[in-house]
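Undergrad: here's my sequence, what's the structure:
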Amino acid sequence: MSNSRTSLPLLTEDPLACCTPLSREPLSEEQAARVAPLLKALADPVRLRLMSMVLSHAGGEACVCDLTPAFDLSQPTISHHLKVLHEAGLLDREKRGVWVYYQARPEAMAAMSTLFNAPGVPAAEQLR
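TA: From the prediction side, this is the model:
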């Protein structure tokens, strides 16, 4: 069984380093350009569901073999969507044997949370 991590080349600059709350100050053009690919990756119903499934899966990690049965899509299509999420920096992946396991990048989740944080409003009230 191999525990080697596989990753595709990501952007040279961390796209998550830019995420200050939208409500604090207007984003610069550069910041917006770095955040947009993250949001674009999530702006697909299948990918949004995949993120949710990975995050809510036992141990916060899921194999494509765990995720495919929830969709009326082929395993290669699910793998493609997971690759998009990985390349956007939202998921880490680790190959074990013939399967690839995915985990949400904690820094990505923190950055997304920070991006939409409204200062002075408790998190529970922001969801109302």
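
Undergrad: switch to C-alpha atoms for all contacts and neighbour counts from now on
TA: Fine.

Undergrad: so who does the residue nearest the centre of the chain touch?
TA: Nearest to the centroid of the C-alpha atoms of the chain, with distances taken as Cα atoms, centre = their mean, sits residue 90, at 2.6 Å. Contact criterion Cα atoms under 8 Å, 6 or more residues apart in numbering gives 38, 104, 105, 108, 109 as the residues in contact with residue 90.

Undergrad: give me the buried subset of those residues.
TA: Among the contacts of residue 90, the ones that count as buried by 16 or more other Cα atoms under 10 Å are 38, 104, 105, 108.

Undergrad: what are the boundaries of the strands in this protein?
TA: 61-63, 91-96, 99-104 (DSSP state E).

Undergrad: give me the pLDDT for residue 15.
TA: According to the predicted model, the pLDDT of residue 15 comes to 57.

Undergrad: nope, residue 33 is what I meant
TA: Residue 33 is assigned a pLDDT of 86 by the prediction.

Undergrad: over to residue 2?
TA: Reading off the model, residue 2 has pLDDT 41.

Undergrad: quick check: residue 102 touching residue 59?
TA: No: taking contact to mean Cα atoms under 8 Å, the distance of 10.7 Å between residue 102 and residue 59 leaves them out of contact.

Undergrad: these two: who's more crowded?
TA: The residue with more neighbours, out of residue 102 and residue 59 and counting by other Cα atoms under 10 Å, is residue 102; that gives 25 against 9.

Undergrad: closest one of the contacts of residue 90 to residue 118?
TA: Ranked by distance to residue 118 (Cα to Cα), the contacts of residue 90 are led by residue 109 at 15.9 Å.

Undergrad: if anything else comes up later, I'll come back, but that's it for now.
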